[in-house]
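Asks: sequence and predicted structure, then a few things I'm wondering about:
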Amino acid sequence: VYGPRRLTALLGVRELVVNTALHAGLTYRITDTLTLGISFRDKIVADSTGYQYLYIKPVAENGDVVEDLAKSLPVIQVPLDIYAFFRPREYTIGLGGTYGRLTAELDLTYAQWSDYRGPHGETPPEKFKDTWTPRLGIEYALGDRWRLRAGYVWRPTPVPAQTGATNYLDADTHIFSAGCAYRIGRGSIETHVQYQSMADTTIHTDGGLPDVDYSGSLWNAGLTYTVRY
């Protein structure tokens, strides 16, 4: 009598294919202190194709693997065809200005999340929504060397209400950031910290399934050294 089967995955052959995406932008100086900019960034999709091997190890009631039987079972070759990465097509318009020591920029990005496909290329039961994302960034010059920076982004979720079989967990997110820069000759040392706060969200599914409550937050910090030629 044998108990549960132990399923093991072996490495197979995988190929990651990323499409070519166009990035383009234009700027127009309205006045000496005010600049208008537009940009386009095409969607990027990474397909992972190939296969991997699976084999089954029969396990006896005492937990030992029955090697003789395991050797007689076939190794299964499982094909792979998944979306490993997706970034939507985006259109952005921005307005930036400099007023004395203060520089500010306001951007608005339209993202075509309605093109999103699931892990196996399927269209979700409820298509994702296109979104408009505003971004605001400011920089203040304390002198010739020091710069203080701050920013804010409101990222609306593209995920529709999850009332069916899928559970895409996402929510509207507020993103706050702050940083500074110090110039040294041709280079500069820059540091930043970012906080993301995901709104409390509840999923009410059909068919008597239990509700799902979730929220989240994320901290991000970085240090950069830049040299200009």
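Replies: Done, it's in.

Asks: distance between stretch 131-140 and the chain's centre?
Replies: Remark: stretch 131-140 is offset 18 Å from the chain centroid, using CA atoms, centre = their mean, to the nearest Å.

Asks: so V159 touches D170, yeah?
Replies: Yes - taking contact to mean CB atoms under 8 Å, the distance of 4.3 Å between V159 and D170 places them in contact. Quick note: C-beta positions are derived from backbone N, CA and C, even for glycine.

Asks: which one of those two has more residues nearby?
Replies: Neighbour comparison, V159 and D170: the larger count goes to V159, with 20 against 17 (by other CB atoms under 10 Å).

Asks: what's the mean pLDDT across stretch 106-117?
Replies: Here stretch 106-117 scores 95 as its mean pLDDT.

Asks: so which bits of that stretch are buried?
Replies: 107, 109, 111-113, 116 (16 or more other CB atoms under 10 Å).

Asks: please apply the same query to stretch 170-177.
Replies: Neighbour counts over stretch 170-177 (16+ other CB under 10 Å) mark 170-171, 173, 175, 177 as buried.

Asks: where does the chain dip in pLDDT?
Replies: The model of the chain has pLDDT under 70 over residues 1-12, 70.

Asks: so which residues of the protein form helices?
Replies: With DSSP state H as the definition, the chain shows helices at residue ranges 67-72.

Asks: give me the residue at the spatial middle of it.
Replies: With distances taken as CA atoms, centre = their mean, the residue of the chain nearest its centroid is R87 (7.4 Å).

Asks: what about the residue nearest to that residue when sequence neighbours are not counted, how many neighbours?
Replies: Residue nearest to R87 in three dimensions, not counting chain neighbours: I44, with 4.5 Å by CB to CB, 6 or more residues apart in numbering. Under the neighbour criterion other CB under 10 Å, I44 is assigned a count of 14.

Asks: what's near enough to touch I44?
Replies: Under the criterion of CB atoms under 8 Å, 6 or more residues apart in numbering, the contact partners of I44 comprise 18-19, 21, 85-87.
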